[in-house]
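Engineer: Provided below for reference: sequence and predicted model.
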Amino acid sequence: MKALQGVEGQVEWVERTAAKCGDGEVRIQVAAAGLNRADLLQRAGHYPPPPGVTDILGLECSGVISEVGAGASYQIGDRVCALLAGGGMAEEVVVDSRHVLPVPQGLSLPEAAVIPEVYATAWLNLFRLGVLQPGEKVLLHAGASGVGSAAIQLCKAFGNPCWVSVGSTDRLAYCESLGAQGGVLRGESLEALRDFGPFDLILDPVGAKYVALNTQLLATDGRWVMIGLMGGRKAEVDLGLLLAKRIQLIGSTLRSRGAADKADLLADMQNEIWPLFANQTLSPRLERSFPARDVEAAFAALASNRVSGKVALVIDDSLA
């Protein structure tokens, strides 16, 4: 099969041997794959896959099931999307059937391809780890990103007012159209966020650059969930402020979580989130899709930081 791998900052299609489909697994003929910042990092050599995981790019995909292992609860021909630790940017992928969900009613396969990673990340960190309660206030850094787009919609759906930090007025308007109460631009003073705080939860993909700001903006008993390090990994922390406010600092990654943990997370999502796609409360926010031959353009679009929402790579347009 053809598969996409990152090599010295570039991406290229290579021939790979297809994996066998074991008990409890399904084989998906891939229609489309979602692009994520993790793919950019892996391509650049900064985010290797966990031990035992393929180096093929792609943390989420959609397609049609072509083979079913013993005990898997799907049938050949089912339209599905999947959360992956890697391997989604290929003609086919074999995955634990517990990490697969049916395509939500009314969505295309490219739209479904960009749901699993960002909505799993947002749901895990806002509601499971962050234990967000109705009415609590949320700050989302990088609010126009794929994860940010999902998080804004989930906050609105579950009764949590949220604010964002973003890179442009257009992206702020985009976030407000999804349900954000407001926000500030990174190029201006982020201190203006004080006007909207204090916040009960901050979802932070930036890291070191925002450490001092986050500790000041959080309310007593606030939760600071760190999901990325775009702004660096080392910073000085005022531990006295953490103690005084009883702030919880939570580090979180999704890719390296165990199979059972991910299965439980996706089962929760199917119960709580999937009905909200069917009634159009939630949206995939697919901004652009690219054919497989234009993979470099797809990666460039994501790397530009000008995309609001998600980018998809269409692997098999006969399915999509």
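Structural biologist: It's in.
Engineer: Show me which positions of stretch 311-320 end up buried.
Structural biologist: 311-316, 319-320 (16 or more other CB atoms under 10 Å). Where you see a C-beta, it was placed from the backbone N, CA and C, and this is true even at glycine.
Engineer: ok, residue 253 - how many residues close by?
Structural biologist: 13 (other CB atoms under 10 Å).
Engineer: How about the one 5 residues further on?
Structural biologist: The burial count assigned to residue 258 is 8, neighbours taken as other CB under 10 Å.
Engineer: if I look at it, how far off is residue 265?
Structural biologist: According to CB to CB, to the nearest Å, residue 258 stands 10 Å off from residue 265.
Engineer: next helix or strand past the helix or strand hosting residue 65?
Structural biologist: Taking DSSP states H and E as the criterion, residue 65 maps to strand 60-68. Sequence order places strand 79-83 as the next helix or strand after strand 60-68, per DSSP H and E.
Engineer: so what strands line up beside that following strand?
Structural biologist: Strand 79-83 pairs in its sheet with strand 60-68 (antiparallel), strand 100-102 (antiparallel), by DSSP bridges.
Engineer: May I have the phi/psi pair for the closest residue to residue 213 other than its chain neighbours?
Structural biologist: Using CB to CB, 6 or more residues apart in numbering and skipping residues adjacent in sequence, the residue nearest residue 213 is residue 190, 5.7 Å away. Main-chain dihedrals, residue 190, degrees, to the nearest 10: phi -70, psi -10.
Engineer: what sits against residue 190?
Structural biologist: Contact analysis of residue 190 by CB atoms under 8 Å, 6 or more residues apart in numbering lists 165, 184, 210, 213.
Engineer: tell me the contacts of the last one?
Structural biologist: Right, residue 213. 190-191, 193.
Engineer: Reformat those as CSV; add pLDDT.
Structural biologist: Below are those laid out as CSV (pLDDT from 0 to 100):
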residue, pLDDT
190, 86
191, 86
193, 93
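Engineer: Let me know the closest of the residues you listed to residue 142.
Structural biologist: Distance to residue 142 across the contacts of residue 213 (CB to CB) is lowest for residue 190, with 12.4 Å.
Engineer: Which secondary structure element is home to residue 3?
Structural biologist: Using DSSP H and E, residue 3 falls in strand 2-7.
Engineer: From residue 278, how far off is the nearest residue to residue 246 once chain neighbours are set aside?
Structural biologist: The shortest distance from residue 246 to any non-neighbouring residue, by CB to CB, 6+ apart, is to residue 221 (5.1 Å). Separation of residue 221 from residue 278 (CB to CB) stands at 35 Å.
Engineer: Which parts of the stretch 101-250 of the chain are strands?
Structural biologist: Counting by DSSP state E, counting those that start in this stretch, one finds strands in the stretch 101-250 of the chain at the ranges 138-141, 162-166, 182-185, 199-204, 218-226, 248-251.
Engineer: Output these as a markdown table; include the columns mean pLDDT and distance to residue 174.
Structural biologist: A markdown table is the format used below for the strands of the stretch 101-250 of the chain (pLDDT from 0 to 100; distance: least, CB to CB, whole Å):
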| stretch | mean pLDDT | distance to residue 174 |
| --- | --- | --- |
| strand 138-141 | 98 | 13 |
| strand 162-166 | 97 | 8 |
| strand 182-185 | 96 | 11 |
| strand 199-204 | 98 | 17 |
| strand 218-226 | 98 | 22 |
| strand 248-251 | 97 | 27 |
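Engineer: wait, which of the ones you listed is closest to residue 85?
Structural biologist: That would be, of the strands of the stretch 101-250 of the chain and by CB to CB, strand 248-251, which comes in at 18.2 Å.
Engineer: Next, the buried residues of that closest one.
Structural biologist: 248-249.
Engineer: and it, what does it pack onto?
Structural biologist: strand 218-226 (3 or more CB pairs under 8 Å, 6 or more residues apart in numbering; DSSP states H and E).
Engineer: could you give the angle of the strand it packs on to strand 199-204?
Structural biologist: Here strand 218-226 points in a direction 20 degrees away from that of strand 199-204 (axes from the mean of the first three to the mean of the last three CA atoms, to 10 degrees).
Engineer: Could you tell me how many residues sit around the residue nearest to residue 159 when sequence neighbours are not counted?
Structural biologist: Counting by CB to CB, 6+ apart, residue 134 is the residue found nearest to residue 159 once chain neighbours are left out, at 4.2 Å. Applying other CB under 10 Å, we find 7 residues neighbouring residue 134.
Engineer: tell me the domain ranges of the chain?
Structural biologist: 2-115+278-314, 119-251 (automatic domain parsing).
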